[in-house]
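Enquirer: how would this look folded up:
(one chain, ligands or ions: 1)
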Amino acid sequence: MKFSVVTAIVSLCVLQLVGATSAGYYDEDNDGGNKCMNRAPKDPRPAFDLNGAIGIWSTDFNPKNFHAPIGTRIFRKKITTPKRRGMCAVKARIIAFADDSLKFYVNGKVVGEAALQKKPVVTSFDAVLNPSENVFLIEGLNHPKHRGAGLVAAKILVEYSNGEREFFTTGLDWRVCPDTETVTAEMSTPTFDDSKWGPPGDAKLSRYGAGVTRVQA
Ligand SMILES: [Ca+2]
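Expert: Take a look at the predicted model:
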């Protein structure tokens, strides 16, 4: 009886490991021969807010009153993270803030959305990552009902397979599309050339206050 219980526990652990791998958190085929340990971070997830993030928009907003033209703006950032034995990106927890709404894409898939509300909106969600190279797109909308400012901001908490974590945020190193309001699949490919896109402007996230840019841990 004792042996059976132990066997059952061991079998369950093996099944969980197989499940984690097949869920796509870790793609061995794309690992280039490196073996990444797939284990959860040791300590609880930290409190989560937008500290350190820069609110961005296209540079056609008015810096005197921060009013921006109505419409959609598309922001892009490819992030390449270290890939060595025991450390590849597994997943990300993301907090995102929008005036007035946004869709958040990771590697071409919508992973989160901040739907239009009466006030600027903050939301958080998780996303599965590729081991090293990931493309992030934010489709932000300054809605005709609300007008005024346009802004998106995000913090991306990358969790690595060895239990380490690292933050990335929106900033002036992101790119903003100058000539279309329509997201295409091509924009999310790692090889997409965004050199003709422009740098965004700093849309002053601090104007909104800390209370609206924080989610529960
Ligand atoms: Ca607005």
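Enquirer: Extract the residue ranges of the chain that are flagged as low pLDDT.
Expert: Filtered on pLDDT under 70, the chain yields the residue ranges 1-47, 210-217.
Enquirer: residue boundaries of the helices in it?
Expert: 2-22 (DSSP state H).
Enquirer: ok, residue 71 to the ion distance?
Expert: Distance from residue 71 to the ion, counting by CB to the ion, to the nearest Å: 11 Å. For every residue, glycine as well, the C-beta is placed using N, CA and C.
Enquirer: repeat for residue 96
Expert: Computed as CB to the ion, the residue 96 to the ion distance reads 15 Å.
Enquirer: Next, count neighbours for that residue.
Expert: Counted with other CB atoms under 10 Å, residues neighbouring residue 96 total 28.
Enquirer: is it true that it touches residue 136?
Expert: No: with contacts counted by CB atoms under 8 Å, residue 96 stays clear of residue 136, the gap being 10.2 Å.
Enquirer: Common neighbours of those two, please.
Expert: Contact criterion CB atoms under 8 Å, 6 or more residues apart in numbering; residues shared by residue 96 and residue 136: 104, 154.
Enquirer: Quick one: residues contacting residue 72.
Expert: Counting by CB under 8 Å, 6+ apart, residue 72 makes contact with 139-141, 181-182.
Enquirer: Correction: the previous question concerned residue 139.
Expert: Residue 139 is in contact with 72-74, 102-105, 183, counting by CB under 8 Å, 6+ apart.
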